[in-house]
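Engineer: I need the structure of the sequence given here:
(chains A and B)
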2 protein chains.
Amino acid sequence: MNLPSFQDVRKAHQRISPFIHQTPVLTCQSINRMTGCEIHFKCENFQKVGAFKFRGATHAVLCLSEKEASAGVGTHSSGNHAAALALAAAMKGITAHIVMPSNAPEIKKKAVAGYGAQITFCEPTLQAREETLARLTSELGLTVIHPYNNFEVISGQGTAALELLEAVEALDIMICPVGGGGLLAGTSLSTKYLQPNCRVIGAEPLQADDAYRSFRDGYIHPSLHPVTVADGLLTSLGTLNFAIIRQETDEIMVATESSIVAAMRMIWERMKIIIEPSSAVPLAVILEHPEKFKGKKIGMILSGGNVDVENLPFR
Amino acid sequence: MNLPSFQDVRKAHQRISPFIHQTPVLTCQSINRMTGCEIHFKCENFQKVGAFKFRGATHAVLCLSEKEASAGVGTHSSGNHAAALALAAAMKGITAHIVMPSNAPEIKKKAVAGYGAQITFCEPTLQAREETLARLTSELGLTVIHPYNNFEVISGQGTAALELLEAVEALDIMICPVGGGGLLAGTSLSTKYLQPNCRVIGAEPLQADDAYRSFRDGYIHPSLHPVTVADGLLTSLGTLNFAIIRQETDEIMVATESSIVAAMRMIWERMKIIIEPSSAVPLAVILEHPEKFKGKKIGMILSGGNVDVENLPFR
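Structural biologist: Okay, here's the model as predicted:
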């Protein structure tokens, strides 16, 4: 298996820098006081399209040959990767074909259409999505950009941690959410190269703990019908992602739904910034294990800020 | 009437600078595209206690004599000024007495208590609040810090615009919300001194348009039972504030409730930052009058970010 190294992350950063936001690193006195930690938040909720996914998608698009680019790119997704690939393709002046289930929320359809992508609707099953994308691919010669199980995507996602590690020295712990493993794999590569003494932790909802079990058991457990407020973390690990995580990540920890909502609310109320539930899982892990993190200098990646403001988990 | 000048704002800034956050000035490509303007947002939602009110309260506390300081300060408020005065007093090591109506929201009681203020509860009428504060004042020798009709408070509030005007040159328009007029008066002083060609506009809810009518008619109309989502803008203009606004402000414009909510939502969704409804009124004014603002370089003060996340106006 050909896995990216930190040098690939470094090259990805050079390539994508003109196109991405170098997002700010924020701290919050009151959250530090409440947790007893010193947390440095890398704010990918302020990234273009509102999520770190834009880094990987942009890198994948920039790595296409002229011939590949002219045929266009495709993916099936109704989430942040779809919007990220749509905008990345638009910036490069090529076509993105996004396969979406017919029942996707209007707001997501609009976002993807707004970036100029071609949307093909299909039945809301994984099989229909894969078949529809396969058909488009063979008809149009698209290059499929997988949301996480992709060499260039992983290299791109590692650039968020790279920027954080260059901005803040001597971190004790780096922590980020884990779903398919694109962000965690990239973050692990950057961290272990730039600050090898820093421990890397993936944070996952207890109710979608397939990465936790996969890491423990040494093989990929599929993610079967998970129910969690962290709707960006529903997918199973990719094979490339898992191979990197096994080598470079120190630990995967889980958090309950109530902790995730409490952590999300803490960041909203104390920092006055909007993050999506998936981004709150790392802070939720800290809230559930205060002794483990007390006194530590922590880097945390806030992965995205796309929420439906009409349907929030607070009550 | 002894009114502050820009020199008082400048001195206030020197005094409070060690204690306040120099808040960021943000721009947003998609809001610029949607409005056809170039808007520079001064983010006082990131100020301590989540609102610009901390500037004025801190300045008022720092201007006390030793004797006044030792007796403590007082105000009646259940809003951002109460929290601001509580924290400002705590930082100075003096006591703040806050008179609050017994039916104030739990979250506001907790915030004020959390900053170490002494809370005295009273019946939820303006008369009871004023009488309770008067009794405390005579018993304890407090100095009352009015939320806006106060020389030092106005000088302090003008420092937000001062920072914005020093960060961004050649603004065509400066726009901020107007309630009691502390922010608008201070903002007008700073703008007309530092960038005299810049037009200053106060933005007010149509359903609480007492400042609009006062400005038009040349005398203060009281604010009588207004009903608006912009709960920070319910009060009548102060006499000091009105005198400055008549001299230095160019115009007051109003916006409907639906525009205020649409503007708030636009800032939440596009900028991923949390602002309170009152802060959305200036953008709402722009959305209602696109031709007037098209092509203009605009400074806008986002006044605060304190919302009850369980009770939001989106649907």
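
Engineer: Point out the residues in the stretch 151-300 of chain A that sit beside chain B.
Structural biologist: A:265, A:268-269, A:272-275 (C-beta under 8 Å from any C-beta of the partner chain). C-beta coordinates here come from the backbone N, C-alpha and C atoms, glycine included.

Engineer: can you pull out the helices in chain A?
Structural biologist: A:6-16, A:29-35, A:53-62, A:66-71, A:80-92, A:106-114, A:126-140, A:151-167, A:182-194, A:210-217, A:239-248, A:257-271, A:281-288, A:290-293 (DSSP state H).

Engineer: need the contact list for A:Phe215.
Structural biologist: A:202, A:245-246, A:249, A:251-252 (C-beta atoms under 8 Å, 6 or more residues apart in numbering or on different chains).

Engineer: okay if I get the residues you listed as TSV plus pLDDT?
Structural biologist: Shown next, in TSV, are these (pLDDT from 0 to 100):
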residue	pLDDT
A:Gly202	98
A:Ile245	98
A:Arg246	98
A:Thr249	98
A:Glu251	98
A:Ile252	98
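
Engineer: between those, which is nearest chain B?
Structural biologist: Minimum distance to chain B across those is 23.5 Å, recorded for A:Gly202 (C-beta to the nearest C-beta).

Engineer: correct me, but A:Val254 touches A:Glu204?
Structural biologist: Yes: with contact defined as C-beta atoms under 8 Å, A:Val254 counts as touching A:Glu204 (5.2 Å).

Engineer: which one of these two has more residues nearby?
Structural biologist: Shown here are A:Val254 and A:Glu204; by other C-beta atoms under 10 Å in any protein chain shown, A:Glu204 has more neighbours (29 against 20).

Engineer: Chain neighbours aside, what residue packs nearest to the residue in the stretch 1-150 of chain A that chain B sits nearest to?
Structural biologist: For the stretch 1-150 of chain A and chain B, the shortest gap (C-beta to the nearest C-beta) falls at A:Asn45, measuring 4.8 Å. Among residues not flanking A:Asn45 along the chain, A:Gly305 sits closest, at 2.9 Å (C-beta to C-beta, 6 or more residues apart in numbering or on different chains).

Engineer: Contacts only, for that neighbour.
Structural biologist: A:45-46, A:50-51, A:273-276, A:279, B:272.

Engineer: Now with 7 Å, please.
Structural biologist: A:45, A:50, A:274-276, B:272 (C-beta atoms under 7 Å, 6 or more residues apart in numbering or on different chains).

Engineer: Tell me, how many residues neighbour A:Leu206?
Structural biologist: Neighbours of A:Leu206 (other C-beta under 10 Å): 18.

Engineer: you'd agree it is up against A:Val254?
Structural biologist: Yes: contact status for A:Leu206 versus A:Val254: in contact at 4.2 Å, counting by C-beta atoms under 7 Å.

Engineer: Take the contacts of A:Gly305 and lay them out in JSON lines including neighbour count.
Structural biologist: As requested, the contacts of A:Gly305 are exported to JSON lines (neighbours: other C-beta atoms under 10 Å in any protein chain shown):
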{"residue": "A:Asn45", "neighbour count": "25"}
{"residue": "A:Gly50", "neighbour count": "26"}
{"residue": "A:Ile274", "neighbour count": "25"}
{"residue": "A:Ile275", "neighbour count": "25"}
{"residue": "A:Glu276", "neighbour count": "25"}
{"residue": "B:Lys272", "neighbour count": "23"}
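
Engineer: wait, which of those is closest to A:His221?
Structural biologist: For those, the closest approach to A:His221 (C-beta to C-beta) belongs to A:Glu276, at 24.3 Å.

Engineer: Centre-most residue in chain A?
Structural biologist: Nearest to the geometric centre of chain A sits A:Leu183, at 4.7 Å (C-alpha atoms, centre = their mean).

Engineer: Nearest to B:Glu169 among the contacts of A:Phe215?
Structural biologist: Distances from B:Glu169 to these, taken by C-beta to C-beta, are shortest for A:Gly202, at 45.9 Å.

Engineer: nearest residue to the closest one other than its sequence neighbours?
Structural biologist: In space, A:Gly202 is closest to A:Val178, 3.7 Å off (C-beta to C-beta, 6+ apart).

Engineer: got it, and A:Cys198?
Structural biologist: A:Leu171 (4.6 Å).

Engineer: quick one: the one you found from A:Gly202, how far?
Structural biologist: With distances taken as C-beta to C-beta, to the nearest Å, A:Leu171 is found 16 Å from A:Gly202.

Engineer: The two: which is more packed in?
Structural biologist: Between A:Leu171 and A:Gly202, counted using other C-beta under 10 Å, the more crowded position is A:Gly202 (30 against 24).

Engineer: Could you list which residues are in contact with the more buried one?
Structural biologist: A:176, A:178, A:184, A:211, A:245, A:249, A:252.

Engineer: Quick check: the gap between it and A:Lys292.
Structural biologist: In terms of C-beta to C-beta, A:Gly202 sits 15 Å off from A:Lys292.

Engineer: Please apply the same query to A:Leu140.
Structural biologist: 50 Å.

Engineer: Check A:Ile173 too.
Structural biologist: 9 Å.

Engineer: Look at the two and report which has more neighbours.
Structural biologist: Set A:Ile173 next to A:Lys292 and count neighbours by other C-beta under 10 Å: A:Ile173 wins out with 22 against 13.

Engineer: looking at it, the more buried one is touching A:Asn197, isn't it?
Structural biologist: No: assessed by C-beta under 7 Å, A:Ile173 is found out of contact with A:Asn197, at 10.4 Å.

Engineer: that older thread, give the intersection of the neighbour lists for A:Val254 and A:Glu204.
Structural biologist: A:Tyr212.

Engineer: Number of residues surrounding A:His40?
Structural biologist: A:His40 has 20 nearby residues by other C-beta under 10 Å.

Engineer: what's across from it in the sheet?
Structural biologist: A:Gly299 (DSSP bridges).

Engineer: Quick one: residues contacting the residue of chain A most remote from its centre.
Structural biologist: Within chain A, the residue lying farthest from the chain centre (C-alpha atoms, centre = their mean) is A:Glu139, at 29.9 Å. Contact analysis of A:Glu139 by C-beta under 7 Å, 6+ apart lists nothing.

Engineer: Do you know the pLDDT at it?
Structural biologist: Note on A:Glu139: pLDDT of 96.

Engineer: which non-adjacent residue is nearest the residue in the stretch 151-300 of chain A that chain B sits nearest to?
Structural biologist: Of all residues in the stretch 151-300 of chain A, the one sitting closest to chain B is A:Lys272 (3.7 Å; C-beta to the nearest C-beta). Leaving aside its chain neighbours, A:Lys272 sits nearest to B:Gly305 (3.7 Å; criterion: C-beta to C-beta, 6+ apart).
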